[in-house]
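[1] Build me a model from this:
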Amino acid sequence: MNITADAVKQLRERTGAGMMECKRALVETQGDLDAAAELMRKQGLAKADKKATRVAAEGVVVVQKSADGRTAAMVEINCETDFVAREQDFRAFAQAVAVRALGSRPASLETLLASPIQQGAETVEERRRALVAKIGENITVRRFVVLSSSEHLGAYVHGTRIGALVVVQGGNAGLAHDLAMHVAASNPRHLGADDVPADVVSKEREILTEQARAEGKPPQIVAKMVEGRLRKVLSEITLTGQPFVKDPDISIEKLLKGAHASVSAFARFEVGAGIEKKQDDFVAEVMAQVKGKH
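    Residues are numbered from 1 along each chain as shown. The predicted structure follows:
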């Protein structure tokens, strides 16, 4: 059956759902708008998609390790309020997604969402939509990572909001755990100075040069000042350059050398990081509701 673009548009306006969901519903109901809208309500699609534009910046970070401890998946699942982030069904969903990510090691977030959340069960996306319909908040599977190590894999979760994984060669399990704790606390952006993108280094050098010139220093002094300050900036944003949180007198680089160990990869998730939260005026919102009742 040929479904017109206008019919899809009308259904989207009525339900707030996505284009493909609307088209599928119209095909299933032979183009009947009312029947399609009712079908989508029954499936929870309209409710889920209407809430999809609402900011979900709360939630949890969950880490799931393999039985041998050498592979781990870390996921961030978001919701709108801290209250829902503590809700049992939401926590169970987050844990199930982490288990699924560990088991299937999907290549992308889209692949993870399309995979069955459990053997023979609905997909992660279908479970997410059902949970949105049940709880009444926008819920998103924001990101995930799966890391493996041939030796030690450090994993640490601070409460439910910050998680870190670190792949370590050499050393021992205790060192790997300490490094994961350090990453969670210090939030390095890169592994080492050589891993910082050239454009980032160039921009920092440019900023530091302008600052030094503004201090009225001669050119030959400016160059030395800039390089010294640049090294300090790079040490602050790189894992190996940072002072160890449990012993600030030594750097992570020295800690690793002393343990005959190295780090090949790390990941850190913090709930809501980078998501712009809407700042609501609570008083104005209440007043608007009161006025609306009169």
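
[2] Just grab the bridge partners of the spatially closest residue to residue 196 that is not a sequence neighbour for me.
    Spatial nearest neighbour of residue 196, excluding adjacent residues (CB to CB, 6 or more residues apart in numbering): residue 190 at 4.9 Å. Where C-beta positions appear, they are placed from N, C-alpha and C, glycine not excepted. Beta-bridge partners recorded for residue 190 (DSSP bridges): residue 238.

[3] How many residues are close by residue 190?
    By other CB atoms under 10 Å, the residues close to residue 190 number 17.

[4] Quick check: it vs residue 199, distance?
    Distance check for residue 190 against residue 199: by CB to CB, to the nearest Å, it reads 13 Å.

[5] May I see the buried residues of the host helix or strand of residue 35?
    Here residue 35, judged by DSSP states H and E, is contained in helix 33-43. By neighbour count on 16 or more other CB atoms under 10 Å, the buried set for helix 33-43 is 36-37, 39-40, 43.

[6] Save those residues as JSON lines, and put in pLDDT and distance to residue 257 too.
    Shown next, in JSON lines, are these (pLDDT from 0 to 100; distance: CB to CB, whole Å):
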{"residue": "36", "pLDDT": "86", "distance to residue 257": "65"}
{"residue": "37", "pLDDT": "80", "distance to residue 257": "65"}
{"residue": "39", "pLDDT": "80", "distance to residue 257": "63"}
{"residue": "40", "pLDDT": "73", "distance to residue 257": "60"}
{"residue": "43", "pLDDT": "66", "distance to residue 257": "58"}
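
[7] okay, those in JSON lines with distance to residue 163 next?
    Below are these laid out as JSON lines (distance: CB to CB, whole Å):
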{"residue": "36", "distance to residue 163": "41"}
{"residue": "37", "distance to residue 163": "40"}
{"residue": "39", "distance to residue 163": "39"}
{"residue": "40", "distance to residue 163": "35"}
{"residue": "43", "distance to residue 163": "33"}
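
[8] Just the C-alpha atoms of the helix holding residue 35, please, in CSV.
    What follows is helix 33-43, C-alpha atoms only, in CSV (Å, rounded to 0.1, in the frame of the first residue of the first chain):
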residue,chain,number,x,y,z
LEU,A,33,-4.9,7.6,10.7
ASP,A,34,-7.1,7.0,13.8
ALA,A,35,-6.2,3.3,13.9
ALA,A,36,-2.5,4.0,13.4
ALA,A,37,-2.5,6.6,16.3
GLU,A,38,-4.3,4.1,18.6
LEU,A,39,-1.9,1.3,17.6
MET,A,40,1.1,3.6,18.5
ARG,A,41,-0.5,4.5,21.8
LYS,A,42,-0.9,0.8,22.6
GLN,A,43,2.7,0.2,21.8
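
[9] going forward, begin numbering at 4 instead of 1
    Yes, from this point I'll number from 4; that puts the last item at helix 36-46.

[10] So which elements touch that helix?
    On a contact count with 3 or more CB pairs under 8 Å, 6 or more residues apart in numbering; DSSP states H and E, helix 36-46 meets helix 8-18, helix 22-31, helix 48-53.

[11] Let's see the second one as CSV, backbone CA atoms only.
    Think helix 22-31. Written as CSV, here are the backbone C-alpha positions of helix 22-31 (Å, rounded to 0.1, in the frame of the first residue of the first chain):
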residue,chain,number,x,y,z
MET,A,22,8.8,9.2,10.7
MET,A,23,9.6,5.5,10.3
GLU,A,24,7.4,4.5,13.3
CYS,A,25,4.5,6.5,11.8
LYS,A,26,5.0,4.9,8.4
ARG,A,27,5.0,1.4,9.8
ALA,A,28,1.9,2.0,11.8
LEU,A,29,0.1,3.4,8.7
VAL,A,30,1.1,0.4,6.7
GLU,A,31,-0.1,-2.0,9.4
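
[12] Taking helix 8-18 as reference, get the angle to it.
    110 degrees (axes from the mean of the first three to the mean of the last three CA atoms, to 10 degrees).

[13] Check the average confidence over helix 22-31, would you?
    Taken as a whole, helix 22-31 has a mean pLDDT of 84.

[14] buried sites along it?
    Buried residues in helix 22-31 (16+ other CB under 10 Å): 24-29.

[15] got it, and the longest one?
    By 16+ other CB under 10 Å, the buried positions in helix 8-18 come out as 10-11, 13-15, 18.

[16] low pLDDT regions in the stretch 54-203 of the chain?
    54-56 (pLDDT under 70).

[17] Can you get me a residue count around residue 177?
    By the measure other CB under 10 Å, the count of residues near residue 177 is 11.

[18] Surely it is within a helix?
    Yes. Counting by DSSP: H, G, I helix; E, B strand; the rest coil, residue 177 is part of a helix.

[19] contacting residues around it?
    By CB atoms under 8 Å, 6 or more residues apart in numbering, no residues touch residue 177.
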